[in-house]
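Novice: coords below, sequence missing:
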């Protein structure tokens with residue numbers, strides 16, 4: 001069914017609508033296409049070089065074009081893995097409570113080299129990491145008070161482990177925070 005005043009005829013090839021359709025179907029310059037893809041992705045959030053390479057390969061952009069465009073964007077500092085890693089660490093530690101070990105693993109999965117990832121994660125010091133772990137446990141502790149002691153400890157330690165906190169730190173923080181909440185536990189005694 002058509003709306004009143006609209007017909008189902010196709011645009012003439014010589015009309016403006018026909019030219020637009022032909023332009024969309026014509027082969028595009030791969031360099032321009034690669035630039036557009038990169039800029040579109042970078043407007044959403046910063047990306048690593050590897051993430052952009054993968055996106056361009058999915059769109060079947062030639063390898064030489066990928067290298068040229070990404071090299072140019074690296075020169076312009078639009079693609080900077082070290083800056084990305086620093087931003088990622090700051091954000092994920094602050095908002096998600098991720099520990100250094102988990103942050104390095106995430107950065108490696110995103111294509112940041114190990115040295116750059118470790119350097120960025122080293123900006124989180126031990127005291128800040130422990131304080132963030134304590135804040136996470138304090139926030140979760142009220143929701144686990146209804147379960148038995150073993151389940152309570154397991155859930156709290158498990159939460160910290162999933163966020164990459166070392167085992168010793170996780171047990172110590174959970175023990176201290178349970179005691180601070182008035183809950184004695186013999187499961188975590190030294």
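Specialist: Great, that's in hand. Just so it is clear, the structure is predicted and the values come from calculations on it, not from any experiment.
Novice: low pLDDT regions in the chain?
Specialist: 1-27, 186-190 (pLDDT under 70).
Novice: pull the longest helix from it.
Specialist: In the chain, taking DSSP state H as the definition, the longest helix is helix 126-144.
Novice: which parts of it are buried?
Specialist: Within helix 126-144, the residues that count as buried by 16 or more other Cβ atoms under 10 Å are 129, 130, 132, 133, 134, 136, 137, 140, 141, 144. Every residue, glycine included, has its C-beta placed from N, CA and C.
Novice: ok, for the fourth one, nearest residue in space, not its chain neighbours?
Specialist: Closest residue to residue 133 in three dimensions, ignoring its sequence neighbours and counting by Cβ to Cβ, 6 or more residues apart in numbering: residue 173, at 4.7 Å.
Novice: got a list of what that neighbour touches?
Specialist: Going by Cβ atoms under 8 Å, 6 or more residues apart in numbering, residue 173 touches 130, 133, 134, 137, 160, 165.
Novice: Now the host helix or strand of residue 172: buried residues?
Specialist: Residue 172 belongs to helix 167-180 when assigned by DSSP states H and E. Judged by neighbour count using 16+ other Cβ under 10 Å, the buried positions of helix 167-180 are 169, 170, 171, 172, 173, 174, 175, 177, 178.
Novice: if we can go back for a sec, which helix or strand lies directly C-terminal to the longest helix of the chain?
Specialist: helix 149-162.
Novice: The chain - how does it break down into domains?
Specialist: 29-75, 81-121, 126-180 (automatic domain parsing).
Novice: Out of these, which is the most enclosed?
Specialist: Among these, ranked by average contacts under mean count of other Cβ atoms under 10 Å, first place goes to domain 81-121 (a mean of 18).
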